[in-house]
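Peer 1: Need a 3D model of the sequence below.
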Amino acid sequence: MSGRHLSRSIVVQSLCEWDFKNKDKNMLKEIIEHNLARFSHELEARKFIYSLVDGIISNLDKIDPIIEKAAPEWPIEQITIVDRNVLRLGVYELLFGDPKEVPPKVAINEAIELAKTFGGESSSRFINGVLGTIYRGIEETKKITF
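Peer 2: Below is the predicted model of the structure:
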């Protein structure tokens, strides 16, 4: 497993645990540190993980409505905890990340692979559909000229 993929796995696991524990921000660092101790000791991974988690949490009020708009039959709290947090990571990387560092198709593929690993039988298709809808929206916006 590549370093970045493992880091994203730690991010998803940490976000799921945080989400399950009623999104207590005071517990987030402890959760991440626990997962880092279990799965990774690399300094570079630590920076990447905290960068992703901090970005997701600070943009959560923007990310969740985007997910709900792309999956209108699924209010955010009705999406399984794993799928919800894989989507949060994918949306963050698509919309708020550096596309030169993580191209959109890589962000989508990583999310799909995480869904296959941690989600249910149809999770990868659901993640692909939602992120694909968001990505197509980004591409359509780029075509509009003023």
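
Peer 1: Which helix or strand contains G97?
Peer 2: G97 is part of no helix or strand, with elements assigned from DSSP states H and E.

Peer 1: Would you enumerate the residues in contact with the residue nearest the centre of the chain?
Peer 2: For the chain, the residue lying nearest the average C-alpha position, counting by C-alpha atoms, centre = their mean, turns out to be L89 (1.1 Å). Going by C-beta atoms under 8 Å, 6 or more residues apart in numbering, L89 touches R8, V11, V12, L15, L52, I56, E110, A111, L114. In short, each C-beta sits where N, CA and C put it, glycine included.

Peer 1: ok, now how distant is it from D19?
Peer 2: As judged by C-beta to C-beta, to the nearest Å, L89 and D19 stand 12 Å apart.

Peer 1: and whichever helix in the chain runs longest, how far from the chain's centre?
Peer 2: Longest helix in the chain by number of residues, with DSSP state H as the criterion: helix 123-143. What separates the centre of helix 123-143 from the centre of its chain is 14 Å, taken as C-alpha atoms, centre = their mean, to the nearest Å.

Peer 1: Now do that helix: which elements does it pack against?
Peer 2: Counting contacts by 3 or more C-beta pairs under 8 Å, 6 or more residues apart in numbering; DSSP states H and E, helix 123-143 packs against helix 60-70, helix 81-95, helix 104-118.
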